[in-house]
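1. sequence and predicted structure, then a few things I'm wondering about:
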Amino acid sequence: MSEHQPDYQASVIAAVVPCYRERASILDVLGKFGPEVSHIVVVDDACPDGTGEWVRSECADPRVTVLTHEANQGVGGATLSGYAKSIELGADIIVKLDGDGQMNPEMISRLVRPILEGRADYAKGNRFFRLQGISGMPKMRLVGNVILSFASKVSSGYWKIFDPTNGFTAIHIKVAEILPLDQIDKSFFFESDMLYHLNVNRAVVADVPIDAIYGSETSHLKISRILLPFAWKHVKNLVKRLIINYLFRDFSFASVQLLVGMVLTAFGTIFGGINWYASVSTGIVAVTGVIVLAAMTFSFGAILLLGFLNYDIQNQPQSPLYPDL
C-alpha cells in the first residue's frame, strides 16, 4: 500500500448518527455507508416519529446499533451517547454525521484521512471551501454561518478553520477519551464547544472540504434563535481559553501583552470617557494633558492587544496528540 493511501481496514471506524424526526431520510443515509465503517450507532433522541424503531424494523445492516433516549437531550447529548457506545464497541475513530441526508456517508474516507495519516486529532467538514458547493444553502443560513464562524475562531483559538457548526466530524478515540465529555454543551452549540475543549487540550484540528446536500429536509437549527445564546457562550469560552492557555498553562510575553493591554485600554477608555462627559456637561474644555494621557494609554493598550492577537493566531496546535497518548 502506498504511503499516500491510509489503511482503512487497520482502524475500526464507528459512525454516530443522532436523529430527531429523520424517519423520511434515515434509511437512505444508512444505505450509503461504505465498508470502511465497522459500526453505525443510530441515536434516537426521543423522536416523535419513532426513527429508532423504524430503523430496527427496516434496516438489516448488521453494523447498525440503535440507542433510544427517553427524553430529548439535544444533538450534542445524542452525539455523546453515540461516542460512549462507540468507545464500548472498540472504535479507533468516531465519525459523527446527521441523519437528515445533508452529509454524504460516502465522504467518510475523505473525512478521516487526516487522522489516519497522523496529521490531525479531529477532522471536520468545511462546506465553504468550494464556493459552488454552497449555492444551494439558504441565504439566511449562509450569513449566520459566516458570523458564527468568526465568533468560533475567536472563542476556540482555531483561527484557520471555518464552518464550525458543520456536523460532519471525526475524532480519534484517544483524544475523545481525554475530553471532559460530561462538560460539553449538549445543544446545537456542541460542535463549537468541542472546538474550545480541543484547543485547551492542544489537539490538532483539520478542515476537510465537503459538499453539502440541500433538499427538502427541514433544519432544526434556526439562526435567528441561536445567535444571542451562541454569542454569550462564545464569550464565556473565550475568557476561559485565555485564562487556561495564557495564565495557568503558560505565562509568556504574550500573557503580559494581554494583561497590560487590557488594563491600559480599559483605563484609557474609562478615564477618557469620564473627562469627555465632564467637558460636555460643564462646557469646559479638558486640559491637553488629560486628553494626551487618555489617548496614549488607550493607543498603547490597543497596540499590545494587537500584538497578543497576532501571537494567538499563530499559536495553534501543530503536533497531533493521539500518537503520544
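-> That came through, no problem.

2. what ranges do the strands span in the stretch 151-300 of the chain?
-> For the stretch 151-300 of the chain, the strands defined by DSSP state E, counting those that start in this stretch occupy 169-172, 205-209.

3. which strands or helices does the shortest one pack on?
-> So the one you mean is strand 169-172. strand 93-96, helix 108-116, strand 122-126 (3 or more CB pairs under 8 Å, 6 or more residues apart in numbering; DSSP states H and E). C-beta here means a position set from N, CA and C on the backbone, and glycine is covered the same way.

4. centre of the chain to it, how far?
-> Chain-centre distance of strand 169-172: 12 Å, with CA atoms, centre = their mean, to the nearest Å.

5. what sits up against it?
-> Residues outside strand 169-172 that contact it (CB atoms under 8 Å, 6 or more residues apart in numbering): 92-97, 108, 111-112, 115, 121-125, 191, 194, 322.

6. avg pLDDT for it?
-> The predicted model gives strand 169-172 an average pLDDT of 98.

7. got it, and stretch 67-87?
-> In the prediction, stretch 67-87 has an average pLDDT of 96.

8. contacts for that stretch?
-> Stretch 67-87 is contacted by residues 14, 16-20, 39, 41-46, 52-53, 65, 94, 96, 98, 167, 173, 176-177, 181, 184-190, 193, 220 when judged by CB under 8 Å, 6+ apart.

9. mind listing what's buried in it?
-> Of all the residues in stretch 67-87, those buried under the rule 16 or more other CB atoms under 10 Å are 67-69, 73-83, 85-86.

10. and for stretch 55-65?
-> Neighbour counts using 16+ other CB under 10 Å place Val55, Cys59, Arg63, Val64, Thr65 of stretch 55-65 among the buried residues.

11. the last one: what secondary structure?
-> In the three-state summary, Thr65 is assigned as strand, counting by DSSP: H, G, I helix; E, B strand; the rest coil.

12. what sits closest to it if chain neighbours are left out?
-> Closest residue to Thr65 apart from its sequence neighbours, by CB to CB, 6 or more residues apart in numbering: Val41 at 5.1 Å.

13. so that neighbour versus Arg63, what's the distance?
-> Per CB to CB, to the nearest Å, Val41 is found 9 Å from Arg63.

14. that older thread, hmm, which of the contacts of strand 169-172 are the buried ones?
-> 92-97, 108, 111-112, 115, 121-125, 191, 194, 322.

15. can you give the domain ranges for the chain?
-> Domain assignment for the chain by automatic domain parsing gives 8-245, 251-314.

16. so where is this structure shaky, pLDDT-wise?
-> 1-5, 7, 130-138, 140-141, 212-224 (pLDDT under 70).

17. what's the single longest helix in it?
-> helix 253-282 (DSSP state H).

18. list the buried ones in that one?
-> Ala254, Ser255, Gln257, Leu258, Leu259, Gly261, Leu264, Thr265, Gly268, Gly272, Asn275.

19. the last one contacts Ala286, doesn't it?
-> When you say that, I think you mean Asn275. Yes - at 4.9 Å, Asn275 counts as touching Ala286 under the criterion of CB atoms under 8 Å.

20. coming back round to it: going through the contacts of stretch 67-87, which ones are buried?
-> Among the contacts of stretch 67-87, those classed as buried by 16+ other CB under 10 Å are 14, 16-20, 39, 41-45, 52, 65, 94, 96, 98, 167, 173, 176, 181, 184-190, 193.

21. need the contact list for the spatially most central residue of the chain.
-> Residue closest to the average C-alpha location in the chain (CA atoms, centre = their mean): Ser192, at 3.0 Å. Listed by CB under 8 Å, 6+ apart, the contact set of Ser192 reads Leu148, Ser152, Ser155, Ser156, Pro164, Thr165, Asp185, Phe230, Lys233, His234, Asn237.
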